[in-house]
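Enquirer: Using only what follows, build the 3D model:
(one chain, ligands or ions: 1)
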Amino acid sequence: MDFSFSEQHEAVRETVRRLCQTEHQKLVAAAEENEVLPREVFARWGELGLLGVRYPEADGGSGLDKVSDCIVREELSYMSQGFASSWSAHSHLGIWPIWKAGTEEQRRRFFRPAVQGRKIAGFALSEPDGGSNIRALKTRAERADGGWKLRGSKLYITNAPIADFLLVAARTAPELTGGAISLFIVELPAAGMKIDKLRKEGIRASETGLIHMDDVFVPDGCVLGAQLGNYPVILDSLSENRVGVAANALGMARAAFDAATAYARDRLVANKRIGDYQAIGHKLAEMSAQIEAARWLVYYGAWRVDQGTLDSATAARVKLVASETAVSVSEQAIRVHGGAGIMREYPVGRIHRDALVYVIGEGTSEIQKNLIARDLGFRF
Ligand SMILES: Cc1cc2nc3c(=O)[nH]c(=O)nc-3n(C[C@H](O)[C@H](O)[C@H](O)COP(=O)(O)OP(=O)(O)OC[C@H]3O[C@@H](n4cnc5c(N)ncnc54)[C@H](O)[C@@H]3O)c2cc1C
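Expert: Residues are numbered from 1 along each chain as shown. The predicted structure is shown next:
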């Protein structure tokens, strides 16, 4: 057993930290305020090879590993989960299925430009009538001359307002089976597709959309992998991304903890640093222990991805623990700040709003518990 990060991992961490401190940090306040992510960040991430860290060089990626991917996420999230969410929807959700199951032509047209930051991607699975019960999704794909026509709606889709293409999940048959669900690559803008930008409480710097599709034509060449029924690819992608977003949660928890610790050192009440009150000191101790537990679970999950042995229940455990840790630690961080925790000049309120997104997105905590309970042999 070896819990150390390699020199290469440390170098990735240092690169992202420096990028955040010297280039991105100054963009965060305006991006949060205006709810607009500067598009140029994708080009910069592409230039530094950060969008393709977990993909092999032979396929156009940077040839590193999932541990590196989680390090990038952790450091971006430490700065801003808005930025990190857009990175995640692009670098994983929007392109992993194309890398995994796309045709050579689809990889060339969509995957490669995306890892280079020349095209922005997103993944449209959730719908107004239900995000948790994905197998019951209602968007229909109907046969048309030379392709398919998509009709339906997608809700809460990260990057939709800024994307160059979206991977859209739709059913080609009414049965509630995995075989009836396929992925379609839709280039934007697309006739018949309307995207309304949503205003959010959390991850405000990340742009999110409601999509209406009215007979959106997708040529046969844009059916993922040139075959129908790629629901298992969706499930595998979500599993791996649960480990990924757990790393995002770890970054948020660390940021909230560091802010709380700094505040506990600086703030004097009755001539005493608040951290020297046992109630506050214990809070910080507990937060630090929770973060340490989440950290090693996240990197264990990443290691399992790199070994090719990740299963969905393990991914669910990793995501459940890390996202709930981020919510709990950021709430405690607000309490440590007292009234200041509610003020916008301190980061902890924003981190808490952002953390709440992650006990919902990528499957809610309840859905993670369902997956774990099923793994334990229970059915409900
Ligand atoms: C900011 C943001 C960005 C997002 N980005 C994307 C994206 O890029 N692409 C995408 O496809 N989706 C995205 N989502 C959607 C996200 O995945 C869904 O919101 C999530 O899966 C929950 O679905 P829902 O909102 O429809 O909630 P519902 O499914 O309506 O659930 C409501 C409540 O009921 C509970 N519940 C539902 N079913 C069960 C059950 N079987 N057992 C126990 N409890 C249950 C849930 O846990 C939850 O508490 C995003 C969401 C947000 C908030």
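Enquirer: what packs against the longest helix seen in the chain?
Expert: In the chain, with assignment by DSSP state H, the single longest helix is helix 231-266. Applying 3 or more C-beta pairs under 8 Å, 6 or more residues apart in numbering; DSSP states H and E, one finds that helix 231-266 makes contact with helix 66-79, helix 81-88, helix 96-101, strand 181-187, strand 272-273, helix 278-307, helix 312-337, helix 348-357. Every C-beta, even on glycine, is put in place using the N, C-alpha and C of the backbone.
Enquirer: what comes up buried for that helix?
Expert: Neighbour-count burial for helix 231-266, counted by 16 or more other C-beta atoms under 10 Å, picks out 231, 233-234, 236-257, 259-261, 263-264.
Enquirer: Any residue of it touching the ligand?
Expert: No - using C-beta under 6 Å from any ligand atom, helix 231-266 stays clear of the ligand, coming no nearer than 9.1 Å.
Enquirer: Now that helix: average pLDDT?
Expert: In this model, helix 231-266 carries a mean pLDDT of 98.
Enquirer: Quick check: what element follows that helix along the chain?
Expert: Sequence-wise, the next helix or strand downstream of helix 231-266 (DSSP states H and E) is strand 268-269.
Enquirer: who in this protein is up against the ligand?
Expert: 89, 93, 122-126, 130-132, 156-158, 200, 203, 208, 357, 360-364, 366-367, 370.
Enquirer: Can you tell me which of these are classed as buried?
Expert: Taking 16+ other C-beta under 10 Å as the criterion, what is buried in the residues of the chain next to the ligand is 89, 93, 122-126, 131, 156-158, 200, 203, 208, 357, 360-364, 367, 370.
Enquirer: Filter these down to the ones in strands?
Expert: If you go by DSSP state E, these have 122-124, 156-158, 208 in strands.
Enquirer: Quick check: the farthest pair among the residues you listed?
Expert: Using C-beta to C-beta, the two most remote members of those are Phe123 and Thr208, lying 12.2 Å apart.
Enquirer: any common contacting residues for those two?
Expert: Common contacts of Phe123 and Thr208, defined by C-beta atoms under 8 Å, 6 or more residues apart in numbering, comprise 157-158.
Enquirer: Tell me how far stretch 339-351 lies from the chain's centre.
Expert: Chain-centre distance of stretch 339-351: 23 Å, with C-alpha atoms, centre = their mean, to the nearest Å.
Enquirer: Kindly check the end-to-end length of that stretch for me.
Expert: One end of stretch 339-351 sits 16 Å from the other (C-alpha to C-alpha, to the nearest Å).
Enquirer: Check stretch 165-179 too.
Expert: In stretch 165-179, first residue to last residue: 24 Å (C-alpha to C-alpha).
Enquirer: and Tyr55, how many neighbours does it have?
Expert: Tyr55 has 22 neighbours, counted by other C-beta atoms under 10 Å.
Enquirer: for it, helix, strand, or coil?
Expert: coil (DSSP: H, G, I helix; E, B strand; the rest coil).
Enquirer: got the contact list for the residue lying closest to it once chain neighbours are set aside?
Expert: Residue nearest to Tyr55 in three dimensions, not counting chain neighbours: Gly61, with 2.5 Å by C-beta to C-beta, 6 or more residues apart in numbering. Contacts for Gly61 (C-beta under 8 Å, 6+ apart) come out as 52-55, 99, 115.
Enquirer: Quick check: the residue nearest the centre of the chain vs Val245, distance?
Expert: Closest residue to the average C-alpha location of the chain: Ser88 at 4.0 Å, with C-alpha atoms, centre = their mean. Going from Ser88 to Val245 by C-beta to C-beta, to the nearest Å gives 6 Å.
Enquirer: So in terms of bridging, what pairs with the closest residue to Ala89 other than its chain neighbours?
Expert: In space, and not counting its chain neighbours, Ala89 is closest to Thr158: 3.6 Å by C-beta to C-beta, 6+ apart. Beta-bridge pairing for Thr158 (DSSP bridges): Thr208.
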